[in-house]
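Peer 1: sharing a sequence plus its predicted fold:
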Amino acid sequence: MSILVRVGALFTFLGFGSLVLRQLGRTFILIEWADDMQPGFGIALGVGGLVLIAAGLLLGRSKAAKPQQQFAQQPPAPQAYPGQQPYPAQAPQQQYPNQQYPQQQYPNQQG
């Protein structure tokens, strides 16, 4: 939901809600300073909120109606940093001779 729609919903709620609350003898604390200007201020705020909601919805619809061309992109090639050797296609596997890592011999256990 766009910011215009959210602000418009807030203005509409405060504007028309202040008209209803005025009939009940209550006010919104947020717009209590405009109590002298009721009902004109409440109507203007409510209608202004409806205009913002409509504008937000129309702008959102026009953005969604424009198809954006999307091209298949390949990931960028890996770049070597200064001093870094590029990785070979297949790294050679190291063979460890038995002399370097002899297998551990366990004594025969007689039971």
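Peer 2: Alright, I've got the coordinates.
Peer 1: show me where this protein dips below the pLDDT cut-off.
Peer 2: Counting by pLDDT under 70, the chain contains low-confidence residues at 65-72, 74-107, 109-111.
Peer 1: that one: helices as residue ranges?
Peer 2: 3-23, 40-65 (DSSP state H).
Peer 1: now these in JSON lines, with mean neighbour count and distance to residue 30?
Peer 2: Yep, even glycine has a C-beta here, placed from its N, CA and C like the rest. Formatted as JSON lines, those follow (neighbours: other C-beta atoms under 10 Å; distance: least, C-beta to C-beta, whole Å):
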{"stretch": "helix 3-23", "mean neighbour count": "16", "distance to residue 30": "7"}
{"stretch": "helix 40-65", "mean neighbour count": "15", "distance to residue 30": "11"}
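Peer 1: between these, which one is nearest to residue 29?
Peer 2: helix 3-23 (10.6 Å; C-beta to C-beta).
Peer 1: which elements pack onto that closest one?
Peer 2: Contacting helix 3-23 under the criterion 3 or more C-beta pairs under 8 Å, 6 or more residues apart in numbering; DSSP states H and E are the following elements: helix 40-65.
Peer 1: helices or strands up against the helix it packs on?
Peer 2: helix 3-23.
Peer 1: quick check: angle from the helix it packs on to helix 40-65?
Peer 2: Angle of helix 3-23 versus helix 40-65, following axes from the mean of the first three to the mean of the last three C-alpha atoms, to 10 degrees, is 160 degrees.
Peer 1: now helix 3-23 - C-alpha only, CSV.
Peer 2: In CSV, the C-alpha atoms belonging to helix 3-23 read as follows (Å, rounded to 0.1, in the frame of the first residue of the first chain):
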residue,chain,number,x,y,z
ILE,A,3,2.1,6.2,1.4
LEU,A,4,-0.6,8.3,-0.3
VAL,A,5,-3.3,5.7,0.4
ARG,A,6,-2.2,5.4,4.1
VAL,A,7,-2.2,9.2,4.6
GLY,A,8,-5.5,9.5,2.8
ALA,A,9,-7.0,6.8,5.0
LEU,A,10,-5.8,8.6,8.1
PHE,A,11,-7.2,12.0,6.9
THR,A,12,-10.5,10.3,6.0
PHE,A,13,-10.8,8.6,9.4
LEU,A,14,-10.0,11.8,11.3
GLY,A,15,-12.2,14.1,9.1
PHE,A,16,-15.4,12.1,9.0
GLY,A,17,-14.7,10.6,12.5
SER,A,18,-14.6,14.1,14.0
LEU,A,19,-18.0,14.8,12.5
VAL,A,20,-19.5,11.7,14.2
LEU,A,21,-17.7,12.3,17.5
ARG,A,22,-18.9,15.9,17.5
GLN,A,23,-22.5,14.6,17.6
